[in-house]
Structure formats: structure tokens, C-alpha cells
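Participant: I would like the atomic coordinates for the input below:
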Amino acid sequence: MTMRAEQEDRFLAHSGWAGAVRTPLAGDASARRYQRLFKGAERAVLMDAPPDRGEDTGRFSRMAFWLRDRSYSAPDILAEDRASGFLLLEDLGEDLFARLISANPAAEQDLYTAAVDFLIDLHRYPAAEFVAPLDGPALADLVELTPKWYLPGVGEAPNDQAGNLPRLVSDLCARIAGQGPVTGLRDFHAENLIWLPDRTGIAQVGLLDFQDAVATHPAYDLVSLLQDARRDVPLALERAMVDRYLTTTGLGAEAFGFAYALLGAQRALRIIGVFARLTLHFGKPHYLGYMPRVWGYLLRNLAHPGLAALNDAVRAGLPEPVPERMQRMMDQCGQYPTP
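Facilitator: Got it, this is the predicted structure:
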């Protein structure tokens, strides 16, 4: 038995869950691991977030308490050992939005409407006082992942156009700096939302992944939801949900549309860099399958007339993720040191 397994056993024993049956759950792009626990008729979820790999359960639990204080359906914290990196969580079930839509496509509009209504309600509150800002400089810093990882992964040398992307993003973000900020859950999409039909109103939207919450523009989580790297959201539904958000909040369509396109482009650029790093450095090649969809979002957002300079830089500096380039990255899977 490894030292980590011994720590896990001690935590579960101390929490009253010794001897529970443990079933692995799907992980994410982080170092965290999840298990569903069964103890008779009781169920819970164990989060294993190793501190020596940069994880901190405190970020999750603090945000969970903030959300629950406002009657949102974040999991209840049943037990925590922050020093060792373990959390025992309420099990919200298995009805992920993405899973329900796959089984019943007719449910898609109602589920996305519920998610957008949750964001509308969340954005009534000032940003949580303890979260970090995701502002222009921070958004620009995240774009640096793309020339750093994507270019060498597809066999391209650094170039001035790609290297200039962070500065362009920072300059454009200055135009939306006065809008918001609100609390952004950041990884807000159909794989991280659970339908809770036994609850009422906004509480029917169960929340899973919010430890990286930030203070950011109101459009950020809406783009995350509607331009999902993992699944296609029909364009008509995307537009209808943006219209619903604008109609309910009263925000101006022109200014919000610019911010939505800019943040959509920024997210796509960052995700392309993240997926390249996950493949090349961490040996997780399945993310490459999402790359063409993300590239499509990038080009669609860059078509906004206010993003002409960024569009020019992307088209001149970043090659398209065609199959040959993705295969080249696949061939280097897990072999690339930090550049």
C-alpha cells in the first residue's frame, strides 16, 4: 500500500467511512482524483487533491460554502483534511447535463435555459471577495500557453505574430474593463452541471467544478457554457441563450457582443495551448480530439469586426490543427519537457 493510500484510509476512518466500497469516477485535466463511496444506503464522493501537486482543497470548500450560502447547489462538505488534500463531498448523483442531453436531445433547450438562468441569478451578486481577478493582464498571460506549447507541438518555429497574441488580448480587454466583475466559476459547462429534479428553481442546477472561481466579466461563463470544447451546442441555441441573458439582465447587446466574442477568442486560444500541453507534457492525447471544434470557435469569434487585429495575428501566426499536425503532436505524446 502506498503512503497516499494509507493517508486516504486514515481520512475515511476518521470521517466515519472506513470500509466503504470505492468506485473510481472520471477525472479531469487536473491532478485530482475522485471516487464514489458506498456505505450501506449512504453515498458520498471522495476528492483526492494532492498538495504536493499544486492542489488545495481549501479553494473548493471555501467556494462551496459561498455558493451554498446563496442557496445554490454546490455539494455539502462532509469532511475535510486540507493538509493532506482530501475532501468528502455530498454525492449529487449522475445526471450530468451532457449525459442527459445525449440520452434525450429534446431536453437540451430546457437544461441550457436552466444553466443560463443560474448565471443570471449568480450575477446579481458582487464577485466573491476572496477570488482572484481574471482581468485583462491575467487573460493575456493565459494566452501565452498557445505559442509556448502549440507551435512546437505542430512543428512550427516561434513567430512575431503568435508572440504578439497576449499583448493584443490585453489591449482589447481594456475595452471591457468597466463591465463587471462577477463571480465566474470558470469551468462552467455541461460536463460539470448536474440536474437535480427533486429541488426547486435555481437549486435544480447542481455544481461540480468551481475551485478555480475568479472575478471576471459576466460573459466569461456564458461563453464557457455555450462554446463547449467537449460537445457541439447548436448555433441557434447559443444565440437564443445569449438573447435570454441580455433580455433578462438588460445589458447592451453591442458592448456585450464584443466582450462575448473577445472572451470566446481568448478562451479558445488558451484551450488550444492547454490541450497541447496536456498531450505533449502530461501524456493525455484524447484532448486533441476536441481541438478542431475549439479552432472553429476561435475563427467564429474572430469574425467580429472589433477583433480584426487579433484575427490577422492568429491567421498569420498559428497554423490550423489539420489531421497531419494533430498526428505529429500525438507522436510526441508525453515526451515533451517544459519548453
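Participant: what's the average pLDDT for the lengthiest helix in the chain?
Facilitator: For the chain, the helix with the greatest residue count under DSSP state H is helix 253-280. The average pLDDT for helix 253-280 rounds to 97.
Participant: With only the CA atoms kept, save the helix or strand Val294 falls within in CSV.
Facilitator: Per DSSP states H and E, Val294 falls inside helix 291-302. Output of helix 291-302 as CSV, limited to C-alpha atoms (Å, rounded to 0.1, in the frame of the first residue of the first chain):
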residue,chain,number,x,y,z
MET,A,291,-9.0,20.7,-31.0
PRO,A,292,-10.9,21.2,-34.3
ARG,A,293,-14.1,22.2,-32.5
VAL,A,294,-12.2,24.8,-30.4
TRP,A,295,-10.4,26.1,-33.6
GLY,A,296,-13.9,26.6,-35.1
TYR,A,297,-15.0,28.6,-32.1
LEU,A,298,-11.8,30.7,-32.4
LEU,A,299,-12.4,31.6,-36.0
ARG,A,300,-16.1,32.3,-35.4
ASN,A,301,-15.3,34.7,-32.6
LEU,A,302,-12.5,36.4,-34.6
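Participant: Leaving out chain neighbours, which residue sits closest to the residue nearest the centre of the chain?
Facilitator: By C-alpha atoms, centre = their mean, the chain has its centre lying nearest to Asp187, at 2.0 Å. With sequence-adjacent residues excluded and distances taken as C-beta to C-beta, 6 or more residues apart in numbering, Asp187 is closest to Asp209, at 4.5 Å. Using the backbone N, CA and C atoms, a C-beta is placed for each residue, glycine as well.
Participant: what about stretch 328-339, distance to the chain center?
Facilitator: The gap between where stretch 328-339 is centred and where its chain is centred comes out at 23 Å by C-alpha atoms, centre = their mean, to the nearest Å.
Participant: what does it contact?
Facilitator: Contacts with stretch 328-339, where a contact means C-beta atoms under 8 Å, 6 or more residues apart in numbering, come from 148-149, 152-155, 276, 279-283, 285, 288.
Participant: In ChimeraX, how would I select just the buried ones from these?
Facilitator: Buried residues among the contacts of stretch 328-339 (16 or more other C-beta atoms under 10 Å), as a ChimeraX selection:
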select :148,149,152,153,154,276,279,280,281,285,288
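Participant: In helices only, show me the contacts of stretch 328-339.
Facilitator: Using DSSP H, the subset of the contacts of stretch 328-339 located in helices is Pro152, Gly153, Ala276, Thr279, Leu280.
Participant: For the residues you listed, which two are the farthest from each other?
Facilitator: Pro152 and Thr279 (11.7 Å; C-beta to C-beta).
Participant: follow-up on the earlier one: and the longest helix of the chain, what's buried?
Facilitator: Quick answer for helix 253-280 (16+ other C-beta under 10 Å): 256-280.
Participant: Against Ile77, how distant is Phe65?
Facilitator: Plainly put, Phe65 is 7 Å away from Ile77 if you go by C-beta to C-beta, to the nearest Å.
Participant: I meant to write Asp69 there.
Facilitator: In terms of C-beta to C-beta, Asp69 sits 12 Å off from Ile77.
Participant: which of these two has more neighbours?
Facilitator: More crowded of Asp69 and Ile77, by other C-beta atoms under 10 Å: Ile77, with 18 against 9.
Participant: The residue nearest to the centre of the chain touches Phe210, doesn't it?
Facilitator: Yes. With contact defined as C-beta atoms under 8 Å, Asp187 reaches Phe210; the gap is 7.4 Å.
Participant: circling back to that earlier point, save the ones in helices among the contacts of stretch 328-339 as TSV, and put in distance to Pro234 too.
Facilitator: Output for these, formatted as TSV (distance: C-beta to C-beta, whole Å):
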residue	distance to Pro234
Pro152	35
Gly153	31
Ala276	28
Thr279	28
Leu280	32
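Participant: which one among the residues you listed gets closest to Ala20?
Facilitator: Thr279 (34.9 Å).
Participant: rewinding a little: check which helix or strand the residue nearest to the centre of the chain maps to.
Facilitator: Here Asp187 is assigned to no helix or strand, by DSSP H and E.
Participant: Can you read off the pLDDT for it?
Facilitator: For Asp187, the predicted pLDDT is 92.
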